[in-house]
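Peer 1: okay, predicted coordinates and the sequence, questions at the end:
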Amino acid sequence: MGEKIEQQVEDLFLEAARILTLGDFDRALELLEKVLELDPKHIKALEAKAAVLMKKDRIEEAQQVIEAALEIDPENPRLYYRLGQIYYRKKDLDTALEHFTKAIDLEPLYPAAYMARSQVLRDKGMEEAADMELDRAVAVQRELAKSRKVVDF
């Protein structure tokens, strides 16, 4: 891919991300589709597209997008986190738990994955385990804050 096209892809993606924060999911999806036309392996665009599809209750499509992204980047913890969210929405708690756990295995400092895992455990009636996961999420968030403070001083 040429430098000019790479810049165009990045500009389109940033615009899609901006539009997404404004809650215009249809327009964001259009822009993400353009990004993916130019670069079908753009992982962040694939993940964002899946997130938009989830917001639009197009869960099966979101799952297909994430699974395709995992074919490209099988060690990406964010993709497993998204897949966990999809299975959670589908009420498949065991599979959701597996994916949140995989995300944590790949990225031990991933507070959102711990929080999601806590919610799944709570939904399964495992209150004590859920509380432990919530404690882990807080501890991880604290660790991240400390490391940022050292870097940002």
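Peer 2: Yep, that arrived. Residues are numbered from 1 along each chain as shown.

Peer 1: gap between stretch 71-85 and the chain center?
Peer 2: 7 Å (CA atoms, centre = their mean, to the nearest Å).

Peer 1: now do stretch 46-58
Peer 2: Taking the mean of its C-alpha atoms, stretch 46-58 sits 10 Å from the chain's own mean (CA atoms, centre = their mean).

Peer 1: can you mark which positions in that stretch are buried?
Peer 2: Using 16 or more other CB atoms under 10 Å as the burial criterion, the residues of stretch 46-58 that qualify are 46, 47, 48, 49, 50, 51, 52, 53, 54. Bear in mind the C-beta positions are built from the backbone N, C-alpha and C, glycine included.

Peer 1: ok, how many other residues are close to residue 75?
Peer 2: 10 (other CB atoms under 10 Å).

Peer 1: per-residue pLDDT, the closest residue to it other than its chain neighbours?
Peer 2: Nearest-residue entry for residue 75: residue 106, 6.0 Å, with adjacent residues in sequence omitted and distances by CB to CB, 6 or more residues apart in numbering. The model reports residue 106 with a pLDDT of 97.

Peer 1: pull the contacting residues for residue 106.
Peer 2: 75, 76, 77, 80 (CB atoms under 8 Å, 6 or more residues apart in numbering).

Peer 1: nearest to residue 127 among the buried residues of stretch 46-58?
Peer 2: Comparing those against residue 127 with CB to CB places residue 54 closest, at 27.2 Å.
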